[in-house]
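Colleague: With the input below, show me the fold.
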Amino acid sequence: MVFDTESIDCITSFLQESTPCYLSIVAITNNQEIVATYERIMQKVLAVICRMITNKESDTEWISREYLAKIIYSKYLISVPMIFDLLTIYGRTNACILKKIIDIILKIEPKYLSDLELALKFIQKSFSTVQEQLEKNSTSDNVQLLYDLCLHTLDCTTILSILMDVCTESRDICASINMDQTITSIYDCFIPSLYKYIFIYDEMSSYLDLVNRIRVELLSSFRCIINSYIEKVLEKNHQSLKSTTNLDSVEALLSIFTLCLSDNIFVIDYQKLYPVENDIEILRQACPKMDTFKADFIIQAFLSGDENNFVKLPKQLKPANHVNGCNVFEEEGACALSLDTDNSTVLSTDIEKQIRIVQDILPDLGDGFVKKLLHRYDNTELAIAAVLEGNLPPDLDACDKNEVYIPPDYQENLLMETGIRRINVYDGDDYDVRINEKPRGIIKTGKGFPGQPKTAKDLLDDKSYVKELKSRYEKYSFVMENCDYDDEYDDSYDAITESESKKTAKKPQSMRDVLVDEVEDDEESEDGDNDIQENQNKNNPLNFCENPEDVRARYERKRQQKFGGPKKHSERDVVGKAKGQGQTGAVLMNRHKKEVNKSSRANHNRKQGSSWKKSRGMIPS
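Modeller: Below is the predicted model:
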């Protein structure tokens, strides 16, 4: 191999041009001789690779491992890309042989580990590249580009999945470069879009099965990374090492589960194939000190995914019996790809509205053809763009553009629901209330019973309930009817007058005589008018009742005598003595009261009042 470069070139060429394990050789040719020859070449190439890494053939034919590693690594007889080609061609069918080859290569030359890390980083970068390519060409215009992206992604995911199956060292490398986050991101963002655009172009495309295989390979790769953490936890627990080291591995695994919760599609699919509660239970048994709150949160998040209206998820791939490892897998379970093969993307209630929108822009299209467009595309914009760009799928391009939409027969639906066939000449017309939710025509309603309000205004103006309330409150004496005129005698002050007369002490006879003499002397000194008034008073010595005003005045005089009048506010001295002579405590207290209470009087806004008066000419400026 070192001196005959053509031999290694032949092996490299075969590995690069061979059919990968996910594609069957039978799909390329049905010639049995070619298939048999291809199988023999595959066996010979694998035997040559195994012979190249063998340092001892017999006791007389051998070389040292160091020299063999130097030849293989320095002469590029075996490289990491060649290992990837071996994984792609031979697949899981020859997993044992591939595992032995990779283990020997890494054992005799540890430098391959650094090369393997660079190769895995390249695969990680390629995932971002295909996602950018799909975003730049976010339509089904270039179908070949979609197919190329599908094959390239499937090739990378197959290599990654098989490599982590046969090489345990690659799992640690993937965990160190955060390959798990890349897997969840591409699964949630890239795969649904790729499936969608291929499905729009061709519903029966064989590449849709390849997209499903990509999903399974990504889930398997992520599972291998999770298994590597679980194996570390169990191994450390078996060796009875320090619990802190074991706890770090558990926390790292819980962090991976937590980070992937934002990718809902991946979470649902992963939960269907690998229930996360089983892994959490293993961790709880191996590490009782783990964060149970975070573990319960992760389980609840994985179990709370919506599983309605999803495309079926294929079973996990099993090794095939034929030589290139191609296999046919069935579909089972549910998946989170939000792609519906039926007409659920266009609601029946909005189908007529969307048809009118498309026909307003493309009036030459029939409503039946437009309905098929809306059935294929998600919205009206994509349908209009596909027609204007001439990028219709083959099945739609072959349809009649003037096809008329024939609505379903409602009578048939009615027969299927009720089992009763109704035959009438007016069945199905615009006035049929059994079929149309809003039939045409005027539907007259009755005028109601006698005595009921005929309009809403009459209903609101009806106050008959007030009479019922009035009679009810009359029973509780809450309602009084006031008369317009009431001449009943007001005896409000009789009790007061009577009580006053009882309280008045009787004067002695001598005192009464003196008072009578004084009164007579005063009467003689008064003028004639007063005499007439006194004569009238003598004629009426006792009134029927005492004047209430006199009673109130007498009460007021007594109150003044008892409590005194309103207190006069004493002038408080706030000026005090001249400066430097000292102030008394009363002056200081008066100043403090004035300062505290000055806002209670309206004397703190003189400037504004003066300005207001000047503006109106009340004060000469």
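
Colleague: what about the helix or strand hosting residue 89, average pLDDT?
Modeller: Remark: residue 89 resides in helix 80-90, with elements defined by DSSP states H and E. Helix 80-90 carries an average pLDDT of 91.

Colleague: cool, stretch 157-175 as well?
Modeller: Per-residue scores along stretch 157-175 average to 92.

Colleague: distance between the ends of it?
Modeller: Between the opening and closing residues of stretch 157-175 lies a distance of 16 Å (C-alpha to C-alpha, to the nearest Å).

Colleague: any residues touching that stretch, and which ones?
Modeller: With C-beta atoms under 8 Å, 6 or more residues apart in numbering as the test, stretch 157-175 has contacts from 20-22, 84, 87-88, 91-92, 95, 98-99, 102-103, 106, 113, 116-117, 120, 123, 179-180, 214, 217-218, 220-221, 224-225, 227-229. C-betas here are computed from N, CA, C, even on glycine.

Colleague: domain assignment for the protein?
Modeller: 5-303, 343-397 (automatic domain parsing).

Colleague: Could you pull up the contacting residues of residue 56?
Modeller: Under the criterion of C-beta under 8 Å, 6+ apart, the neighbours of residue 56 are 62-63.

Colleague: one more time with 6 Å
Modeller: Counting by C-beta atoms under 6 Å, 6 or more residues apart in numbering, residue 56 touches residue 62.

Colleague: Selection in PyMOL covering whichever of the contacts of stretch 157-175 are buried, please.
Modeller: Restricted to buried positions by 16 or more other C-beta atoms under 10 Å, the PyMOL selection for the contacts of stretch 157-175 reads:
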select buried, resi 20+21+22+84+87+88+91+92+95+98+102+106+116+117+120+123+179+180+214+217+218+220+221+224+225+228+229
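
Colleague: Model confidence at residue 445, what's the number?
Modeller: pLDDT, residue 445: 62.

Colleague: how far is the helix or strand encompassing residue 356 from where the chain is centred?
Modeller: Assigned by DSSP H and E, residue 356 belongs to helix 351-361. Computed by C-alpha atoms, centre = their mean, to the nearest Å, the chain-centroid distance of helix 351-361 equals 32 Å.

Colleague: what's the closest of the domains of the chain to residue 596?
Modeller: Among the domains of the chain, the nearest to residue 596 by C-beta to C-beta is domain 5-303 (59.7 Å).

Colleague: what about the closest one, how long is it end to end?
Modeller: Domain 5-303 has its terminal residues 57 Å apart, counting by C-alpha to C-alpha.

Colleague: Pick out the shakiest of the domains of the chain, pLDDT-wise.
Modeller: domain 343-397 (a mean of 78).

Colleague: Now residue 399: closest residue in space, sequence neighbours ignored.
Modeller: Sequence neighbours aside, residue 369 is the residue nearest to residue 399 in space, at 5.9 Å (criterion: C-beta to C-beta, 6 or more residues apart in numbering).

Colleague: other SSEs contacting the helix holding residue 356?
Modeller: Applying 3 or more C-beta pairs under 6 Å, 6 or more residues apart in numbering; DSSP states H and E, we find helix 351-361 packed against helix 367-376, helix 380-388.

Colleague: so how far is the last one off the chain centroid?
Modeller: The one in question is helix 380-388. 31 Å.

Colleague: returning to what we had before: just say which of the helices and strands packed on helix 351-361 is most tucked in.
Modeller: Comparing the helices and strands packed on helix 351-361 by mean neighbour count (mean count of other C-beta atoms under 10 Å), helix 367-376 ranks first with a mean of 20.

Colleague: same for that one, what does it pack against?
Modeller: Helices and strands touching helix 367-376, as assessed by 3+ C-beta pairs under 6 Å, 6+ apart, comprise helix 351-361.

Colleague: Quick check: buried residues in the helix it packs on?
Modeller: By neighbour count on 16+ other C-beta under 10 Å, the buried set for helix 351-361 is 351, 354-355, 357-358.

Colleague: and it with helix 367-376, angle?
Modeller: Per axes from the mean of the first three to the mean of the last three C-alpha atoms, to 10 degrees, the angle that helix 351-361 makes with helix 367-376 is 110 degrees.

Colleague: could you point out which element follows the host helix or strand of residue 153?
Modeller: For residue 153, the host element (DSSP H and E) is helix 143-166. Sequence-wise, the next helix or strand downstream of helix 143-166 (DSSP H and E) is helix 168-176.

Colleague: Centre of the chain to the following helix or strand past that following helix, how far?
Modeller: Scanning forward in sequence from helix 168-176 by DSSP H and E, the next helix or strand is helix 179-201. Remark: helix 179-201 is offset 22 Å from the chain centroid, using C-alpha atoms, centre = their mean.

Colleague: what do you get for stretch 224-242?
Modeller: Centre-to-centre, stretch 224-242 and its host chain are 37 Å apart (C-alpha atoms, centre = their mean).

Colleague: Can you give me the buried ones in that stretch?
Modeller: Buried residues in stretch 224-242 (16+ other C-beta under 10 Å): 224-226, 228-230, 232-234, 236-237.

Colleague: again, but for stretch 25-44
Modeller: Of all the residues in stretch 25-44, those buried under the rule 16+ other C-beta under 10 Å are 25, 35, 38, 42.

Colleague: next one: stretch 154-170
Modeller: Neighbour-count burial for stretch 154-170, counted by 16+ other C-beta under 10 Å, picks out 154-167, 169-170.

Colleague: Which two among those residues are spaced furthest apart?
Modeller: 154 and 169 (24.0 Å).

Colleague: where along the chain do the strands fall?
Modeller: In the chain, no strands are defined using DSSP state E.

Colleague: What is the longest helix of it by residue count?
Modeller: Criterion DSSP state H: the longest helix present in the chain is helix 207-238.

Colleague: count of residues packed around residue 459?
Modeller: Around residue 459 there are 10 other residues, counting by other C-beta atoms under 10 Å.

Colleague: what does residue 556 give?
Modeller: Residues lying near residue 556 (other C-beta under 10 Å) number 10.

Colleague: Same question for the one 3 residues further on.
Modeller: Under the neighbour criterion other C-beta under 10 Å, residue 559 is assigned a count of 11.

Colleague: returning to what we had before: want to throw the buried residues of helix 351-361 into CSV with distance to residue 376?
Modeller: Formatted as CSV, these follow (distance: C-beta to C-beta, whole Å):
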residue, distance to residue 376
351, 13
354, 13
355, 14
357, 16
358, 12
